[in-house]
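1. how does the following fold in three dimensions:
(one chain, ligands or ions: 3)
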Amino acid sequence: MGRGSMNLLRSVAVGWVLAAMGLASGCASNRNDPPQAPDELEQNIRLMLSYDGNSDGKVTREELDQGLRRQFAAVDRNGDGVLDLPEIQPENDRRFRAMGTGFSPLIDWNRDGKVDFSEFATTARSVFEELDRDANGVLEGAELRVPPMRRQQGRPRRVPAGPL
Ligand SMILES: [Ca+2]
Ligand SMILES: [Ca+2]
Ligand SMILES: [Ca+2]
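-> Numbers count the residues shown, from 1 in each chain. Ligands and ions are numbered 1, 2, ... in the order given. As a prediction, this is how the structure comes out:
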């Protein structure tokens with residue numbers, strides 16, 4: 001899986017999140033939002049923690065994979081190892097209802113009309129890799145916390161308010 005598909009994934013995912021946020025929050029945010037909305041990171045972390053099978057506060061790649069395989073099997077109602085449209089649509093509906101703005105749809109990346117396991121796992125795996133900053137295959141500690149630096153410490157990255 002190359003960079004191109006990662007970038008595509010990100011823009012698709014962000015697009016969904018933005019669309020959903022627009023629907024959900026209306027005029028709620030009138031402050032200057034930071035370049036990377038904390039919501040996205042928070043949702044990604046929450047998503048990863050949902051795969052913490054042994055509840056030790058860390059998420060391993062194995063836990064992620066086991067969780068994804070369980071979910072895939074649940075969505076693959078006819079058990080043929082791929083998800084087709086009648087299986088994909090209800091799952092996307094369910095995700096949207098359950099997650100709201102955190103919703104990440106199943107995507108048929110290679111457009112063959114079916115979602116196989118690697119396509120199913122693409123979003124979660126790329127989130128995992130993004131959060132696994134030391135690339136040791138385990139999400140733990142600070143990798144699973146929203147960094148407070150924007151609000152409390154470090155130098156402010158915002159340009160001072162003024163005429164543009
Ligand atoms: Ca764990
Ligand atoms: Ca199927
Ligand atoms: Ca496909």
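2. so residue 53 makes contact with residue 63?
-> Yes: at 4.5 Å, residue 53 and residue 63 qualify as touching, with contact defined as CB atoms under 8 Å. Every C-beta, even on glycine, is put in place using the N, C-alpha and C of the backbone.
3. all strands of the protein, in order?
-> Using DSSP state E, the strands of the chain run over 59-60, 83-84, 114-115, 138-139.
4. give me the contact list for stretch 127-136.
-> Applying CB atoms under 8 Å, 6 or more residues apart in numbering, the external contacts of stretch 127-136 come out as 44, 45, 47, 48, 59, 61, 64, 138, 139, 143, 144.
5. skipping adjacent residues, who's closest to the last one in space?
-> In this structure, residue 144 finds its nearest non-sequential neighbour in residue 45, 5.3 Å apart by CB to CB, 6 or more residues apart in numbering.
6. what segments of the protein are helices?
-> Using DSSP state H, the helices of the chain run over residues 3-25, 38-49, 61-75, 85-99, 117-131.
7. out of those, nearest to ligand 3?
-> Among the helices of the chain, helix 117-131 comes nearest to ligand 3, with 5.0 Å by CB to the ion.
8. between that closest one and helix 61-75, how big is the angle?
-> 140 degrees (axes from the mean of the first three to the mean of the last three CA atoms, to 10 degrees).
9. flag every buried residue along helix 117-131.
-> Across helix 117-131, burial judged by 16 or more other CB atoms under 10 Å covers 117, 119, 120, 121, 122, 123, 124, 125, 126, 127, 128, 131.
10. just put the helices of the chain in TSV and tack on mean pLDDT and distance to ligand 1.
-> Output for the helices of the chain, formatted as TSV (pLDDT from 0 to 100; distance: least, CB to the ion, whole Å):
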stretch	mean pLDDT	distance to ligand 1
helix 3-25	50	24
helix 38-49	89	9
helix 61-75	97	5
helix 85-99	92	21
helix 117-131	96	12
